[in-house]
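K.L.:
task: produce atomic coordinates for the following.
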Amino acid sequence: MKDRAKLTTEKRNYKTANIDKFSTLEVVDTINRQDRLVVPAVARERKHIAKAVDIIVRGFRSGGRLFYVGAGTSGRLGVLDAAECPPTYGVRPALVQGIIAGGRRALVRSVEGAEDIADNGAKALAEKKIKSVDVVVGIAACGITPFVQGAIKKAKQTGAATIFITCAPQAKKEIVADIIINPVVGPEVITGSTRMKAGTVTKLVLNTLTTAAMIKTGKVYGNLMVDLRATNFKLQDRSERIITDVTGLSRPAAKKLLKKARGFVKAAIVMHFKKVSLGKAIKILRQCNESLRTAIGK
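P.N.:
Below is the predicted model:
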C-alpha cells in the first residue's frame, strides 16, 4: 500500500482534533473514552482468535514453537508476552519467542529504519531454524511493515502456520497469513501513535493467545497456574497456596511437599493424591499428556 494515509492507524481522530486546547482532566477523560473501544474490538475478533489458539495448540503438541515477529511497539509486546510464559507456565524459554526488528537494542531504544527491510525479517526467522510444525505470529498495527511481511512469507515457504495481527482493515488484502486477527480500534488519540489503542488491543490479543493455548495444553488446573516453578519468594508463596487449595493440606505440609517435589507444583499434587515419588509423578503426568486433571482424576 503506497498511501499510508488511508490506513485506519494513520487517520486523524476528529474527536481529538483540538486536544491540545483541552484542560488536563479533559485530556485524561478523552483518552479514557477512546480506550473503552479496545475491549469490544477484541470481542469482535473472538472467532479468529479461537482459531489461532487451536493452531498454536496443534503446533505445541507436534513439538513446534511459537514465534512473535514485530517492530517497535508491536515487537516489544511480542517479546514481553514470550518472556512471561516461562515463569507463569513453567515452559522452556524456546517454546515462545519474540523477534523484534533491530534486535535487543530495539527493546529499550527506538531503532528507526530496522523495520523497512523485508529480507531482514526473513533472515531473523531463518536464524531460528524455522520448521513446518512452528507457528509464526506477525504483529503490525498498520499491517504493512516490511520486516514482518518478510518473516511471514519466509514462514509460509517453510510450511509453518501463520497468523497476523493488525489494526488496519485496509491492509488485509496484502497479508498472506493463514489467519488474520483484525481488532479495529479506530484512529489514535494522537495521529499515528499506535503505542496507544493499537498497542493495548495487541497486548490483550497476545495475552489471550498464550493464556488459552496454555490452558488447552494442560498448564492450568481450574484457574491455577500449576506448572509454575517456585524460583523466588513470590512464586514460592503462590506455589504453596496452590497446593493447599487443591489438596487441602496445611501450609506447612504444602511447603514440605513442594520441597520434596523440587519446586514442581503439578508433580507435588500428583505425589499427594497418588502417594508416589517425584519420579513416578512425573511419569504419570507424561502418560496423561501433562494434564493434572487426568492424572489425579479430579
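
K.L.:
only C-alpha atoms for contact and neighbour calcs from this point on.
P.N.:
Will do.

K.L.:
now stretch 22-29: buried residues?
P.N.:
For stretch 22-29, the neighbour count (16 or more other CA atoms under 10 Å) marks Val27 as buried.

K.L.:
show me how far it is from its chain's centre.
P.N.:
With CA atoms, centre = their mean, to the nearest Å as the basis, stretch 22-29 stands 32 Å off its chain's centre.

K.L.:
what's the mean pLDDT across that stretch?
P.N.:
The average pLDDT within stretch 22-29 is 98.

K.L.:
show residues contacting that stretch.
P.N.:
Applying CA atoms under 8 Å, 6 or more residues apart in numbering, the external contacts of stretch 22-29 come out as Ile19.

K.L.:
dump the C-alpha coordinates for that stretch into CSV.
P.N.:
In CSV, the C-alpha atoms belonging to stretch 22-29 read as follows (Å, rounded to 0.1, in the frame of the first residue of the first chain):
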residue,chain,number,x,y,z
PHE,A,22,-8.3,20.8,26.5
SER,A,23,-7.8,21.0,30.2
THR,A,24,-5.7,18.3,31.8
LEU,A,25,-8.8,16.5,33.1
GLU,A,26,-10.5,16.7,29.6
VAL,A,27,-7.4,15.2,28.0
VAL,A,28,-7.4,12.3,30.5
ASP,A,29,-11.2,11.7,30.0
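
K.L.:
show me the shaky parts of the chain.
P.N.:
Applying pLDDT under 70 to the chain flags residues 1-2.

K.L.:
quick one: the helices in it?
P.N.:
24-35, 38-44, 46-61, 72-89, 118-126, 146-158, 197-216, 233-247, 251-260, 265-274, 278-287, 292-296 (DSSP state H).

K.L.:
for these, give me a markdown table that also has distance to Val111.
P.N.:
Shown next, in a markdown table, are the helices of the chain (distance: least, CA to CA, whole Å):
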| stretch | distance to Val111 |
| --- | --- |
| helix 24-35 | 27 |
| helix 38-44 | 27 |
| helix 46-61 | 30 |
| helix 72-89 | 8 |
| helix 118-126 | 14 |
| helix 146-158 | 13 |
| helix 197-216 | 18 |
| helix 233-247 | 35 |
| helix 251-260 | 45 |
| helix 265-274 | 41 |
| helix 278-287 | 44 |
| helix 292-296 | 44 |
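
K.L.:
among those helices, which is nearest Ile139?
P.N.:
Of all the helices of the chain, helix 72-89 sits nearest to Ile139, with 5.7 Å by CA to CA.

K.L.:
okay, angle between the closest one and helix 233-247 too, please.
P.N.:
Per axes from the mean of the first three to the mean of the last three CA atoms, to 10 degrees, the angle that helix 72-89 makes with helix 233-247 is 50 degrees.

K.L.:
how about the CA coordinates for helix 72-89, as CSV?
P.N.:
What follows is helix 72-89, C-alpha atoms only, in CSV (Å, rounded to 0.1, in the frame of the first residue of the first chain):
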residue,chain,number,x,y,z
GLY,A,72,8.6,-1.0,17.5
THR,A,73,5.7,-1.3,20.0
SER,A,74,4.4,-4.4,18.3
GLY,A,75,7.8,-6.1,18.5
ARG,A,76,8.2,-5.2,22.2
LEU,A,77,4.8,-6.5,23.1
GLY,A,78,5.6,-9.8,21.4
VAL,A,79,8.9,-10.1,23.3
LEU,A,80,7.1,-9.2,26.5
ASP,A,81,4.5,-11.9,26.1
ALA,A,82,7.1,-14.5,25.2
ALA,A,83,9.2,-13.6,28.2
GLU,A,84,6.3,-14.0,30.6
CYS,A,85,5.4,-17.6,29.6
PRO,A,86,8.3,-19.5,31.3
PRO,A,87,7.8,-18.1,34.8
THR,A,88,4.0,-18.3,34.6
TYR,A,89,3.6,-21.7,33.0
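
K.L.:
now the angle from that helix to helix 197-216?
P.N.:
Orientation check (the same axes, to 10 degrees): helix 72-89 against helix 197-216 gives 30 degrees.
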